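Q: Structural data only, the sequence is not supplied:
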Ligand code: PHE
Ligand code: FE
């Protein structure tokens, strides 16, 4: 899930801006959405070809993630029951509600930041109803059903991560009032979308943008090209990111409890400090920073 900042605009009449760094016109039928941007999934409308495409995407990722995604993600994949085609969101919600109190709700596509944060802060995760086209099998610029569902939903079954996502929603609403969304967007990007975790078994992936990608799963863990730096909130708030290529920098957490605890304090002074310091370009290593080795386990 990424958001559009075209606040309160239901139709795709203007070109919204994703996190201030890219311009695309979102697909999707916004005329059918409610005021909170949720809509019906209309599961009965998916065609056999769409179910088959989803199953192919699912099978490709399933072959990639064992030993590379974190255990919590792998364990929760079974709850999706999505190997044979597009699942009904309501079925997943039944299991998710029992596990962590989260629900998944259908949305037409990218939604405004404010609506997105409101949903997260009430433990509702928006999943796009439409699936990419066959020619977008390897690469899609905009989050679709497969990215949102396969990438994001499994970790909502993990209690500490589930709490982090709710806190993120509340933090987003607060950051809006502080004019600090560009900083919080970086935190979302480098954790929820592209986060790595140092587990007892070694370096693993928990970020949805990596886990739903055919190529970045292997690259993020083993390529010598990107930096892999320890998770550090003030550093991360200053770090710009790439939207058009594999990441040049990943940040590595030690546990979901660390992620939750390190982001719990009031960010107001951190936003002020970030605004007074220069941004850090993707791939930069600052003096005193050291890469985490790709095969590093938790100490
Ligand atoms: N603690 C942050 C604040 O005060 C909110 C937040 C929590 C942001 C968790 C991201 C993740 O603004
Ligand atoms: Fe996403």
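A: Yep, it's here. Owing to the predicted nature of the structure, the values given are computational and were not obtained by experimental measurement. Ligands and ions are numbered 1, 2, ... in the order given.

Q: ok, the closest residue to residue 144 other than its chain neighbours - contacts?
A: Closest residue in space to residue 144, ignoring its immediate chain neighbours: residue 132 at 4.5 Å, by C-beta to C-beta, 6 or more residues apart in numbering. Backbone N, C-alpha and C define where each C-beta goes, glycine included. Residue 132 is in contact with 53, 140, 144-146, counting by C-beta atoms under 8 Å, 6 or more residues apart in numbering.

Q: Could you check how far residue 275 is from ligand 2?
A: Per C-beta to the ion, to the nearest Å, residue 275 is found 26 Å from ligand 2.

Q: need the contact list for that residue.
A: 180, 183.

Q: element containing it?
A: Element membership for residue 275 (DSSP states H and E) is helix 268-276.

Q: what about that helix, near ligand 1?
A: No: legend: contact between helix 268-276 and ligand 1 by C-beta under 6 Å from any ligand atom is lacking; minimum distance shown is 6.7 Å.

Q: How about the residue positioned nearest the centre of the chain: what's its closest non-neighbour residue?
A: Nearest to the mean C-alpha position of the chain, counting by C-alpha atoms, centre = their mean, stands residue 193 at 3.5 Å. Counting by C-beta to C-beta, 6+ apart, residue 193 lies nearest to residue 209, which is 3.8 Å off, once chain neighbours are set aside.

Q: Please state the offset of the helix holding residue 275 from the chain centre?
A: A distance of 24 Å separates the centroid of the chain from that of helix 268-276, by C-alpha atoms, centre = their mean, to the nearest Å.

Q: got it, and stretch 195-214?
A: That offset, for stretch 195-214, works out to 12 Å (C-alpha atoms, centre = their mean).

Q: Quick check: buried residues in it?
A: 195-199, 202-213 (16 or more other C-beta atoms under 10 Å).

Q: Below-threshold pLDDT in the chain: ranges please.
A: Along the chain, the model assigns pLDDT under 70 to residues 1-24, 295-299.

Q: Which single residue of it ends up nearest ligand 1?
A: residue 171 (2.5 Å; C-beta to the nearest ligand atom).

Q: Am I right that that residue is in a strand?
A: No: the assignment for residue 171, made by DSSP: H, G, I helix; E, B strand; the rest coil, is helix rather than a strand.

Q: what's the neighbour count on it?
A: The local packing of residue 171 (other C-beta atoms under 10 Å) involves 22 other residues.

Q: That one against residue 185, yeah?
A: No: the pair residue 171 / residue 185 is not scored as a contact, 11.3 Å apart, by C-beta atoms under 8 Å.

Q: who touches both of the two?
A: Counting by C-beta under 8 Å, 6+ apart, residue 171 and residue 185 have no contacts in common.

Q: For this protein, which segments count as strands?
A: Along the chain, the stretches classed as strands by DSSP state E are 3-4, 17-18, 22-23, 103-107, 111-112, 124-128, 196-199, 202-205, 227-230, 249-253.

Q: Return the list of strands paired to the fifth one, each annotated with direction.
A: Sheet pairing of strand 111-112 (DSSP bridges) gives strand 3-4 (parallel).

Q: Can you name the residues that contact residue 127?
A: Contacts of residue 127 (C-beta under 8 Å, 6+ apart): 1, 89, 104-107, 145, 148-149, 152-153.

Q: wait, residue 228
A: 196, 203, 249-252, 291-294 are the contacts of residue 228 under C-beta under 8 Å, 6+ apart.

Q: thought residue 101 was touching residue 162?
A: Yes: Residue 101 lies in contact with residue 162 (C-beta under 8 Å); the separation is 7.4 Å.

Q: What parts of this protein come near ligand 1?
A: Contact residues, the chain versus ligand 1 (C-beta under 6 Å from any ligand atom): 167-168, 171, 174, 187, 263-267.

Q: Which members of those are classed as buried?
A: 167-168, 171, 174, 187, 263, 267.

Q: Of those residues, which is the nearest to ligand 2?
A: residue 168 (12.3 Å; C-beta to the ion).

Q: Excluding chain neighbours, give the residue nearest to the closest one in space.
A: Nearest non-adjacent residue to residue 168, counting by C-beta to C-beta, 6+ apart: residue 120, 5.9 Å away.

Q: Around ligand 2, which positions in the stretch 101-250 of the chain sit nearby?
A: Taking C-beta under 5 Å from the ion as the criterion, the stretch 101-250 of the chain approaches ligand 2 at residues 143, 208.

Q: Would you state the helices of the stretch 101-250 of the chain in chain order?
A: 113-121, 145-146, 159-177, 181-188, 208-211, 216-222, 233-237 (DSSP state H, counting those that start in this stretch).
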